[in-house]
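> Just a sequence and a predicted model for now, questions to come.
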Amino acid sequence: MSAPPLLERIGIPPTLKWGFVGLLVFMIGDGVETGYLSAFLVQEQGFSEGRVALIFTIYGITAAAAYWFSAALSDIWGPRRVMFLGAGIWIAFHVLFVAGGIMAHNYPLLLVSYAIRGFGYPLFGYAFLVWITASTETRRLGTAAGWFWFAYSAGFAALGPQLANLAIPLIGQLGTLWLGLAVIVLGALLMLLVRDPNGDRPTSAVDEKPLRSLLAGLTILWQRPRMTAGMLVRMINSIPQYGFIVFMPIFYTRELGFTLSQWLTVSSVMFVSNIFFNLVSGILGDRFGFAVVVRWMGGVGCAVTTLLFHYLPLTTHSYAAALITSVLYGATLAGFVPMSALMPTMAPDRRGAAMAALNLGAGLATAVGPAIVGITLPLFGVGGVMWVFAALYVVAALLTLVLKVPSPQAAEQVRA
């Protein structure tokens, strides 16, 4: 018997290989602007900080909605069409954003175009995650999900900002926004090379009505309470990440005395660690069980490293300690990667709805994280916020006790 192809051995479905490449390239294009856009709009374009903050707030709301729509629409149209819808939205409204908003200095158009563009990347990226779950054997789903998050995070958090770092001295900040558009187009075109037939099939039952499919990601939450538990685990997974954005830069620079450059390095190290351990976590999930890895590496691990991330730099004022705890937090955060495999496996007959529920949790975290900070920071300080986050991770670990999956044989039988 011949050995399986290399891609199968490392956990990538061969029929989706170009999809992973396309996702990586697309997310590089989306991540190009992340490190400088807000400063560019304030310092170079003269918009007030309040107006720029409103742009990003509304963008976050539309992106959160798109998390859910990516799976809900895949139920109706199939993932491929949803991905190209997302790419089309991104391309069209980015042109309006740059040419009509920035270059014409038109704030209303800037606000509206960027908000609508916010639907683009979640529809593209998360619809591909739905596609992966539809095309991957249950026994390999954790590893495939790890590769998804590797490509997604590497493009958005690592390679995208680095591309901007190289491009801005050569073509300027405005030119780099146009470069981002070109990279997005390339990522979308690479998806044309994917021939996997599951991308063209709706993920819902053939006889299910479109409206019912669209709402399935919500109705499954009370029809199958374990889906609610899974959605809450996914939400808790990302709550501290969005909360950290609000206060951690200030805490590290003002209270700990680190420079902004040092904080940015700490943050970058966290992302690099997370990108690597996304793969490790997916492999561990396939080997030891999805819920086990989420419980111990994700829930319990993050509860511990969240507190370390605060108290170790606070008590030592050591930059090395900050870097170490950042690596540890990024690693344990990857423990939640198997949720992308666990949720559809718990409902093999309603995978699209399960993914919609999962994505709803991710979207809600964008609002809940900053809200928790806004409530607890004035009352209890940074330490109090970190204890709340740690407690939430413990709750997530406990919730995994009810996340049961059918046997692999039963799951594969439903898929067939």
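Cool, the structure landed. Residues are numbered from 1 along each chain as shown.
> what number of residues lie near the closest residue to Thr62 other than its chain neighbours?
Using CB to CB, 6 or more residues apart in numbering and skipping the chain neighbours, the partner closest in space to Thr62 is Gly118 (3.6 Å). For every residue, glycine as well, the C-beta is placed using N, CA and C. The number of residues packed around Gly118, counting by other CB atoms under 10 Å, is 24.
> pretty sure Gly118 contacts Gly60?
Yes: taking CB atoms under 8 Å as the definition, Gly118 is a contact partner of Gly60 at 7.2 Å.
> Over to the residue nearest to Thr62: give its phi and psi.
Note on Gly118: backbone dihedrals following degrees, to the nearest 10 are phi -60, psi -20.
> can you give me the helices for the stretch 1-150 of the chain?
6-9, 17-31, 37-39, 49-77, 79-95, 107-117, 120-135, 141-153 (DSSP state H, counting those that start in this stretch).
> Kindly export the first one (C-alpha atoms) in CSV.
Output for helix 6-9, consisting of C-alpha atoms alone and laid out as CSV, is shown next (Å, rounded to 0.1, in the frame of the first residue of the first chain):
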residue,chain,number,x,y,z
LEU,A,6,1.9,14.7,1.8
LEU,A,7,-1.0,17.1,2.1
GLU,A,8,-3.2,14.3,3.6
ARG,A,9,-0.4,13.4,6.0
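> Which elements pack onto that helix?
Here helix 6-9 touches no other helix or strand, going by 3 or more CB pairs under 8 Å, 6 or more residues apart in numbering; DSSP states H and E.
> and it, how far from the chain's centre?
25 Å (CA atoms, centre = their mean, to the nearest Å).
> okay, and for the stretch 1-150 of the chain, where does confidence drop off?
1-4 (pLDDT under 70).
> re the thing from before, wait, which of the helices of the stretch 1-150 of the chain is closest to Leu358?
helix 49-77 (7.5 Å; CB to CB).
> ok, the closest residue to Leu54 other than its chain neighbours - contacts?
In this structure, Leu54 finds its nearest non-sequential neighbour in Leu111, 6.9 Å apart by CB to CB, 6+ apart. By CB atoms under 8 Å, 6 or more residues apart in numbering, the contact set of Leu111 is 54-55, 58, 101.
> same thing but 7 Å
Contacts for Leu111 were tallied using CB atoms under 7 Å, 6 or more residues apart in numbering; they are 54-55, 58.
> For burial, what's the neighbour tally of Asp200?
Counted with other CB under 10 Å, the neighbours of Asp200 add up to 12.
> Spit out the contact partners of the nearest residue to it once chain neighbours are set aside.
Distances taken as CB to CB, 6+ apart place Gly78 nearest to Asp200, at 4.9 Å, with adjacent residues excluded. Neighbour list for Gly78: 199-202 [criterion: CB under 7 Å, 6+ apart].
> how's the protein carved up into domains?
6-200, 215-415 (automatic domain parsing).
> about what we covered before: which residues sit in contact with the residue nearest to Thr62?
With the criterion set at CB under 7 Å, 6+ apart, Gly118 makes contact with 59, 62-63, 66.
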